[in-house]
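K.L.:
curious how this folds, go ahead:
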Amino acid sequence: MEKKNYESLFVVDVTLGEEGVRALVDKFLSLIAENGEITQTNEWGKRKLAYAINYKTEGYYVLVEFKCAPSFPSELERIFNITEGIMRSLVVAKGE
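P.N.:
Residues are numbered from 1 along each chain as shown. All right, here's what the predicted structure looks like:
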């Protein structure tokens with residue numbers, strides 16, 4: 001099956017503390033690596049949100065570019081949605 005290029009941006013709740021944030025980032029990076037190939041990771045770090053999410057004004061941003069089978073992004077979105085500590089996430093296909 002042909003692998004396609006995708007990009008994911010997710011925001012982690014900073015109230016989890018440094019260790020909690022690092023654990024969640026590592027969890028998702030390893031999940032993506034197990035199901036595809038990471039081409040680039042860019043951790044933007046702790047930033048102020050444009051608007052409050054659940055009364056929180058800061059989040060830890062991570063941008064990941066990867067290649068994987070077309071079936072994986074929907075599973076990744078599902079896992080993002082059910083994981084406590086992920087404030088927002090987005091997975092998009094990159095056009096070539």
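
K.L.:
ok, the longest strand along the chain: who's next to it in the sheet?
P.N.:
Taking DSSP state E as the criterion, the chain has its longest strand at strand 36-53. Strand pairing for strand 36-53, using DSSP bridges, gives strand 56-68 (antiparallel).

K.L.:
report how many residues lie close to T83.
P.N.:
Residues lying near T83 (other CB atoms under 10 Å) number 14. From N, CA and C alone the C-beta is placed, and that goes for glycine too.

K.L.:
and it, what's its pLDDT?
P.N.:
Model confidence at T83, given as pLDDT, is 94.

K.L.:
contacts only, for it.
P.N.:
Residues near T83 by CB atoms under 8 Å, 6 or more residues apart in numbering: L24.

K.L.:
give me the distance between it and K27.
P.N.:
8 Å (CB to CB, to the nearest Å).

K.L.:
please apply the same query to G36.
P.N.:
Taking CB to CB as the measure, G36 falls 15 Å from K27.

K.L.:
same thing with A93?
P.N.:
For A93, the distance to K27 (CB to CB) stands at 23 Å.

K.L.:
circling back: which one of G36 and K27 has more residues nearby?
P.N.:
Set G36 next to K27 and count neighbours by other CB under 10 Å: G36 wins out with 20 against 13.
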